[in-house]
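A.B. asks: return a 3D structure for these sequence lines:
(one chain, ligands or ions: 2)
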Amino acid sequence: MPLVSMRQLLDHAAEHGYGVPAFNVNNMEQVKAIMEAAAETDSPVILQASAGARKYAGEPFLRHLILAAAEAYPQIPVCMHQDHGTSPAVNIRAIQSAFSSVMMDGSLLEDGKTPSDWDYNVAVTRKVVDLAHACGVSVEGELGCLGSLETGMAGEEDGIGAEGKLDHSKLLTDPDEAAEFVKLTKVDALAIAIGTSHGAYKFTRPPTGDVLAISRIKEIHARIPNTHLVMHGSSSVPQDWLKIINENGGDLGETYGVPVAEIVEGIKHGVRKVNIDTDLRMAATGSIRKYMAENPKKFDPRDYLKPAMAGMKGICKARYEAFGTAGNASKIKPISLEDMANRYAKGDLDPKVN
Ligand SMILES: O=C(CO)COP(=O)(O)O
Ligand SMILES: O=C[C@H](O)COP(=O)(O)O
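C.D. replies: Numbering: from 1, shown residues only. Ligands and ions are numbered 1, 2, ... in the order given. So this is what the prediction gives:
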């Protein structure tokens, strides 16, 4: 099957009331684990690559890994998505690389650190939407900054994300602004700030409504019912993997993620894309640490990468099942990007704003 656009996958998810996890990929083991889980559960797939992934693997390796996934699993619709494109140029290069979906993260300036203003975010996002839609490629925008409602600290990780303390208003997306932003930019999907952040250190205690504002999702969805909401920083930081890592020489400390039940609640109210990276990193690290501790004489990377793949696959299967993604791949007939471009040109995919 050819790569499909994220808009097609998320429209299907909205129509049938489920969500799609978007897993970050950097290497073959992650891609294989996700695809095996998707094949076993009949789930459509979003594979997303950050600028960091491109730096790590290199553009040709990354592109071919994702194309290999689509070739090896022709029955599974795969979207190749650029995560956190920090400028129009990054996204244009992604489209040139065959990405079927991009993210213009105009909530931050091009340095990926400094919170931007409204006019900048609208201008860069609209520019990317005009170019991408002409190619049938979908666009995710972001309004608000990821960060902790517990501490007010912005969610910087690996050089991406704002730094330091932010005003509470920046950490929670405003429903009126979301409606205006979507009207002006015509994005297909909108990443919102509700108290989640990238990485393993999201919450110091299991989160409650004051630090994880799931109720805000309902208010935003009511204003922009056909724009798909995206939850970034949605790893659940599994306590069993945390324990395995720490029992085998790791030192991650006490920390909590976004409970799967809260994500499922979000999915009931318009969340269609759920970004997950840290959970797969933890499953891989825990598996490798455990294998190394139990098998000190082994040195073939395939020996410890196999359990790493199995650990990641377990997380993927659990999320596909919990989010209702399972059972839907076979129901999706691919729409070509050419067709998507025509639909955008006719205005058939324009956002509805209440
Ligand atoms: O949002 C993410 C990528 O954009 C990943 O979030 P996590 O760090 O919670 O996995
Ligand atoms: O966007 C956040 C993801 O966790 C990607 O992280 P990365 O930039 O280290 O690949």
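
A.B. asks: all strands of this protein, in order?
C.D. replies: 20-24, 45-49, 78-82, 101-104, 138-143, 189-192, 228-231, 271-276 (DSSP state E).

A.B. asks: I'd like those as TSV, with mean pLDDT appended.
C.D. replies: Below are these laid out as TSV (pLDDT from 0 to 100):
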stretch	mean pLDDT
strand 20-24	98
strand 45-49	98
strand 78-82	98
strand 101-104	98
strand 138-143	98
strand 189-192	98
strand 228-231	98
strand 271-276	98
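
A.B. asks: out of those, which comes closest to ligand 2?
C.D. replies: Proximity to ligand 2, assessed across those by C-beta to the nearest ligand atom, is greatest for strand 20-24 (4.9 Å). Where C-beta positions appear, they are placed from N, C-alpha and C, glycine not excepted.

A.B. asks: so which elements touch that closest one?
C.D. replies: Here strand 20-24 touches helix 6-16, helix 28-41, strand 45-49, strand 271-276, helix 301-322, going by 3 or more C-beta pairs under 8 Å, 6 or more residues apart in numbering; DSSP states H and E.

A.B. asks: that older thread, just name the most buried of the strands of the chain.
C.D. replies: Highest mean neighbour count among those (mean count of other C-beta atoms under 10 Å): strand 101-104, with a mean of 30.

A.B. asks: which residues sit against it?
C.D. replies: The contact list for strand 101-104 (C-beta atoms under 8 Å, 6 or more residues apart in numbering) reads 5-7, 46, 79-85, 88, 91, 94-95, 124-125, 127-129, 132, 137-142, 187, 191.

A.B. asks: neighbours of the residue of the stretch 51-200 of the chain found nearest ligand 1, how many?
C.D. replies: Taking C-beta to the nearest ligand atom, ligand 1 has its nearest neighbour within the stretch 51-200 of the chain at residue 198, 4.0 Å off. Using other C-beta atoms under 10 Å, residue 198 is surrounded by 24 other residues.

A.B. asks: please verify my assumption that it contacts residue 279.
C.D. replies: No. If you go by C-beta atoms under 8 Å, residue 198 and residue 279 don't touch, sitting 11.9 Å apart.

A.B. asks: near ligand 1, which residues of the stretch 1-150 of the chain are found?
C.D. replies: Contact residues (C-beta under 6 Å from any ligand atom) of the stretch 1-150 of the chain with ligand 1: 24, 83, 84.

A.B. asks: so which of these also contact ligand 2?
C.D. replies: 24, 83, 84.

A.B. asks: which helix or strand in this protein has the lowest average pLDDT?
C.D. replies: helix 168-171 (a mean of 84; mean pLDDT, DSSP states H and E).

A.B. asks: run the chain-centre distance for that one.
C.D. replies: 21 Å (C-alpha atoms, centre = their mean, to the nearest Å).

A.B. asks: stretch 278-292 now?
C.D. replies: Using C-alpha atoms, centre = their mean, the offset of stretch 278-292 from its chain centre is 20 Å.

A.B. asks: ok, it near ligand 2 or not?
C.D. replies: No. Shown here: stretch 278-292 not in contact with ligand 2 (C-beta under 6 Å from any ligand atom), separated by at least 6.6 Å.

A.B. asks: what do you get for stretch 183-193?
C.D. replies: No. Judged by C-beta under 6 Å from any ligand atom, stretch 183-193 stays clear of ligand 2, getting no closer than 10.4 Å.

A.B. asks: burial of whatever residue of the chain ends up closest to ligand 2, as a residue count?
C.D. replies: When scored by C-beta to the nearest ligand atom, the chain has residue 52 as its residue closest to ligand 2, at 2.9 Å. Using other C-beta under 10 Å, the number of residues around residue 52 comes to 17.

A.B. asks: show the pLDDT at it.
C.D. replies: For residue 52, the model assigns a pLDDT of 93.

A.B. asks: same question, residue 156
C.D. replies: At residue 156, the pLDDT value in this model is 69.

A.B. asks: pull the number of nearby residues for residue 249.
C.D. replies: So residue 249, with other C-beta under 10 Å, has 10 neighbours.

A.B. asks: any idea how far it lies from ligand 1?
C.D. replies: Applying C-beta to the nearest ligand atom, to the nearest Å, the value for residue 249 to ligand 1 is 22 Å.

A.B. asks: so who does that residue touch?
C.D. replies: Taking C-beta under 8 Å, 6+ apart as the contact definition, residue 249 lies against 289, 293.

A.B. asks: now do residue 44
C.D. replies: Counting by C-beta under 8 Å, 6+ apart, residue 44 has contacts 4, 9, 12-13, 20, 38, 76-79, 325, 328-329, 332.

A.B. asks: any chance of the residues you listed in JSON lines, plus distance to residue 70?
C.D. replies: Converted to JSON lines, the contacts of residue 44 look like this (distance: C-beta to C-beta, whole Å):
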{"residue": "4", "distance to residue 70": "9"}
{"residue": "9", "distance to residue 70": "13"}
{"residue": "12", "distance to residue 70": "17"}
{"residue": "13", "distance to residue 70": "19"}
{"residue": "20", "distance to residue 70": "16"}
{"residue": "38", "distance to residue 70": "11"}
{"residue": "76", "distance to residue 70": "8"}
{"residue": "77", "distance to residue 70": "9"}
{"residue": "78", "distance to residue 70": "5"}
{"residue": "79", "distance to residue 70": "10"}
{"residue": "325", "distance to residue 70": "17"}
{"residue": "328", "distance to residue 70": "17"}
{"residue": "329", "distance to residue 70": "12"}
{"residue": "332", "distance to residue 70": "13"}
